[in-house]
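**Q** Dropping a prediction and its sequence here:
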Amino acid sequence: MYLGLFLAPWLLMYALSTLAMGHRPFVQSFYPTEKPKNLMERKLDYGRTFDAETTAQQKALLVLQDLGLEGRHTVSNSKDGSPLVITRQHALFQRRIVLDPKAATIFIEREEFRGLNFLERMHRRRGFQDPYLVEDGWAFTVDLAVLTLVFWGFSGIWIWWGIRQTRLWGGISLAFGIALFAAFLALI
Amino acid sequence: MSSFDRINRRTHLYLGLVLFPWVLMYGVSSFVISHHGSWFKPVNQPVWEPLFDRTYKHSVPDDAISTTEAGRQLLRAVAAGILKDNNLEGAFYAQRPNPGELRITRSTFFDQTRLIYSIKDQTLRGERQRSSWDGAVLRMHTRNGYDQPLFLTKMWAFTVDLTCVTMIVWVASGIIMWWRLAKVRVWGAIALAGGAASFLFLVWTL
C-alpha cells in the first residue's frame, strides 16, 4: 500500500503517456502545429575561447556549466567555426542553446510547453548513463516503479488467494487474462 | 463493508487478475529497456536469414512515398497488398528508401520478416530475423496504436489502453481503500505526499 501511494505519480505518468502516445494523431489535433514552437529566452555575449582539440562534447559541457544549465543534453557536431547547437533535455521545457563562435554570442531558445511532449519525454527518460546525480535519482525511481509493478502482480495473486469468497471469480479472471495474453502471443 | 467499498475492492482485484500478464510484461520489459546495453545485450541484432528470392510483380504508384500523409497511406496500402499476396498479413511498417525499392517489415513478437521488393527488377527477396527473449518483450512493450491491420492487432491495442486506464483506476481505488483504513492514514499520507514531492522535485530539476 505504501509503495503504491508513493509511486502513484509515476503510475499516472506512465498510464497517461502511453495513452497519449497510442493516440498521438488525436492528441496532436488539439495543437495548432505538429511541433511546439521554440521561444527566444535570452541572448548573451560569450567570450570563452576553446583549444583547437576541444571536442564538441567538451565545449557543450563547458558552455552548460557557464550558463548554470548542466544536465542531460545532446550536441550537434560543430565544424570550421559553425555554430554549436546544444539541446538541453529538461523535463519540463527543452532548451536549444546555440553558440556562434564567430559572433561570440549565445542565444537560448525554450520549447513551448506541451503536455504531450512532456509526457513522452518523461516516459522515455531512463537509465544511469548520464553523469548527473538527479538523472540517477530518476532512473532509480523508474526501476523501483517497474519492479514494484512486478511485485504487485504476484502480491495481488497472493492476496486474492487469501480471500476465500473471491477465489472462483478471481480464478476465472486470472485464467481469462492468461489465455487472452497467450492467444495474442501465438496469433499476432 | 459498504457496497461502494465492496465494488471498489472487487474492481481493483479482478482488473488486476485479468491484466496480470500485461502488468508482468510491462514490468519486465521496462526493466530490460532501462538497462539495455549494460545488463542486457543489445537486442535486434541485424542478422537476417534469407527465406526466398523470386520474381514478383506488383504495381507501386510513384506517389506512394511517406513524405505526405496521403503518400504514407498509399505506401501502406501497397505494402499490405504485397503482404497479402505472400500470406504474411499482420502488423508491419513500410519504407521506400529509393524510388526503385520498397521495404516491408512484418513483425510478430518473436520474429520479423522483411520483404525487399525491387520495383525495377521485379524481384522480391524475403528475409527473417529471429528475436531474442529480450527483443520479444521489447516488441510487446512498444506495440501500440490502432493503425495496424487485422482485428487481433486492434484488440491488442485495446488491451494496452485498458491496462493504462486500469492503472489510473488502481491509483484512484487504492487511495480510496487507504483513506478508509483509519490506522494507516498517517503513514499513507506521508508516503503519498513524499511520492508527489519527489516526483515534482525530479521533474523540476531534471
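**A** Received it, and whenever you're ready, just let me know what you need.
**Q** going forward, measure contacts between C-alpha atoms and count neighbours the same way
**A** Fine.
**Q** Need phi/psi at B:Val160.
**A** phi -60, psi -50 (degrees, to the nearest 10).
**Q** Spatially nearest residue to it, not counting backbone neighbours?
**A** Spatial nearest neighbour of B:Val160, excluding adjacent residues (Cα to Cα, 6 or more residues apart in numbering or on different chains): B:Asn144 at 6.9 Å.
**Q** do A:Arg48 as well
**A** Nearest non-adjacent residue to A:Arg48 (Cα to Cα, 6+ apart): A:Ala104, at 8.0 Å.
**Q** Got the domain ranges for the chain?
**A** This is for chain A. As recorded under automatic domain parsing, the domains making up chain A are A:1-36+A:114-124, A:38-111, A:135-188.
**Q** was after chain B, sorry
**A** According to automatic domain parsing, the ranges for chain B are B:3-38+B:154-205, B:48-129.
**Q** Same list (those) but as CSV, adding mean pLDDT.
**A** What follows is the domains of chain B, written out as CSV (pLDDT from 0 to 100):
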stretch, mean pLDDT
domain B:3-38+B:154-205, 92
domain B:48-129, 90
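**Q** Nearest to B:Arg139 among the ones you listed would be which one?
**A** B:Arg139 lies closest, by Cα to Cα, to one member of the domains of chain B: domain B:48-129, at 5.7 Å.
**Q** Report the distance from the closest one to the chain centre.
**A** Averaged C-alpha coordinates place domain B:48-129 at 21 Å from its chain's average position (Cα atoms, centre = their mean, to the nearest Å).
**Q** quick one on the thing from earlier: pLDDT value on the residue nearest to B:Val160, please?
**A** Note on B:Asn144: pLDDT of 81.
**Q** Tell me the spacing between it and B:Ser107.
**A** Distance, B:Asn144 to B:Ser107, using Cα to Cα, to the nearest Å: 13 Å.
**Q** Helix or strand: which one has residue 31?
**A** Went with chain A since none was named. Following DSSP states H and E, one finds A:Tyr31 outside all helices and strands.
**Q** that's the other chain; I wanted chain B
**A** helix B:20-34.
**Q** can you pull the contacts of residue 88?
**A** By default, I'm working from chain A. Counting by Cα atoms under 8 Å, 6 or more residues apart in numbering or on different chains, A:Arg88 touches A:Leu69, A:Gly71, A:Arg72, A:His73, A:Thr74, A:Gln94, A:Arg95, A:Arg96, A:Ile97.
**Q** let's do chain B instead
**A** B:Arg106 are the contacts of B:Leu88 under Cα under 8 Å, 6+ apart.
**Q** and it, what helix or strand is that in?
**A** Going by DSSP H and E, B:Leu88 is not part of any helix or strand.
**Q** Distance-wise, check it relative to A:Val75.
**A** Relative to A:Val75, and taking Cα to Cα, B:Leu88 is found at 41 Å.
**Q** what about the helices in chain B?
**A** B:3-18, B:20-34, B:69-85, B:133-142, B:151-180, B:185-205 (DSSP state H).
**Q** ranking those helices by burial, who's on top?
**A** Of all the helices of chain B, helix B:20-34 has the most neighbours on average by mean count of other Cα atoms under 10 Å in any protein chain shown, namely a mean of 21.
**Q** how about the domains of chain B, which one is nearest A:Val85?
**A** domain B:3-38+B:154-205 (21.6 Å).
**Q** before we move on, the earlier item: Serialize the domains of chain A to JSON lines and add fields for mean pLDDT.
**A** Compiled in JSON lines, these are given as follows (pLDDT from 0 to 100):
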{"stretch": "domain A:1-36+A:114-124", "mean pLDDT": "92"}
{"stretch": "domain A:38-111", "mean pLDDT": "88"}
{"stretch": "domain A:135-188", "mean pLDDT": "93"}
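**Q** Output the ones you listed as a markdown table; include the columns distance to B:Val78.
**A** A markdown table is the format used below for the domains of chain A (distance: least, Cα to Cα, whole Å):
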| stretch | distance to B:Val78 |
| --- | --- |
| domain A:1-36+A:114-124 | 22 |
| domain A:38-111 | 37 |
| domain A:135-188 | 21 |
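**Q** what about A:Gly68, how many residues close to it?
**A** 9 (other Cα atoms under 10 Å in any protein chain shown).
**Q** For it, what are phi and psi?
**A** Taking degrees, to the nearest 10, you get phi 70, psi 30 for the backbone angles of A:Gly68.
**Q** got a list of what it touches?
**A** By Cα under 8 Å, 6+ apart, the contact list for A:Gly68 is empty.
**Q** same deal with B:Val169?
**A** So B:Val169 contacts B:His12 (Cα under 8 Å, 6+ apart).
**Q** Repeat that for B:Gly126.
**A** Per Cα under 8 Å, 6+ apart, neighbours of B:Gly126: B:Pro50, B:Leu51, B:Phe52, B:Asp53, B:Thr113, B:Arg114, B:Leu115, B:Ile116.
**Q** if we go to 10 Å?
**A** By Cα atoms under 10 Å, 6 or more residues apart in numbering or on different chains, the residues touching B:Gly126 are B:48-54, B:86, B:104-105, B:113-117.
**Q** Okay, and which of the residues you listed map to strands?
**A** B:49-54, B:104-105, B:113-117 (DSSP state E).
**Q** Could you turn the buried ones of the residues you listed into a PyMOL selection?
**A** Only the buried members of the ones in strands among the contacts of B:Gly126 end up in this PyMOL selection, burial being decided by 16 or more other Cα atoms under 10 Å in any protein chain shown:
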select buried, chain B and resi 104+105+113+114+115+116+117
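**Q** between the helix holding B:Phe31 and helix B:151-180, how many degrees?
**A** Helix B:20-34 runs at 90 degrees relative to helix B:151-180, counting by axes from the mean of the first three to the mean of the last three Cα atoms, to 10 degrees.
**Q** now for the longest helix along chain A, which elements pack on it?
**A** Criterion DSSP H: the longest helix present in chain A is helix A:133-162. When contacts are defined as 3 or more Cα pairs under 10 Å, 6 or more residues apart in numbering or on different chains; DSSP states H and E, helix A:133-162 packs onto helix A:2-6, helix A:8-22, helix A:167-187, helix B:3-18, helix B:20-34, helix B:185-205.
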